[in-house]
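S.K.: no sequence on hand, only this structure:
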């Protein structure tokens, strides 16, 4: 869907899929950071990040991850050209970093 939304995956493993058609400023209310397990959630940016090549590109040119209070903000620059203005995703009450999300395998690129 288009427009800012509050998303809840409820229990189990959830995958939140983003592409150019649904790149809105969303809040995920129950994202679970984990390296394994039944509650591990995923962020799928594979159809949103145009031109990203894991072998040659620095992911931080496409995703800027910061913490604000008890939340994590992920600002997206879909082409890596700068600005991070394409969308902002808030992980409510979950603190994490870009390197943690990569290490836990929770980013689908």
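M.R.: Yep, that arrived. Note that the coordinates shown come from a computational prediction; the quantities given were computed from them, not determined experimentally.

S.K.: contacting residues for the spatially most central residue of the chain?
M.R.: With distances taken as CA atoms, centre = their mean, residue 43 lies nearest the centre of the chain, 4.8 Å away. Neighbour list for residue 43: 15-16, 18, 31, 74, 89, 101, 106-108 [criterion: CB atoms under 8 Å, 6 or more residues apart in numbering]. All C-beta spots, glycine's among them, are computed from the backbone N, C-alpha and C.

S.K.: any idea which element it lies in?
M.R.: According to DSSP states H and E, residue 43 maps onto strand 42-47.

S.K.: ok, residue 89 next?
M.R.: Per DSSP H and E, residue 89 falls inside strand 87-91.

S.K.: any buried residues in the helix or strand that that strand is followed by, and which?
M.R.: The helix or strand immediately downstream of strand 87-91 is helix 98-103, counting by DSSP H and E. In terms of neighbour count (16 or more other CB atoms under 10 Å), helix 98-103 has its buried residues at 98, 101.

S.K.: from the contact counts, what lies against helix 98-103?
M.R.: Judged by 3 or more CB pairs under 8 Å, 6 or more residues apart in numbering; DSSP states H and E, helix 98-103 is in contact with strand 63-68.

S.K.: other SSEs contacting the strand it packs on?
M.R.: Looks like strand 63-68 contacts strand 71-76, helix 98-103 (3+ CB pairs under 8 Å, 6+ apart).
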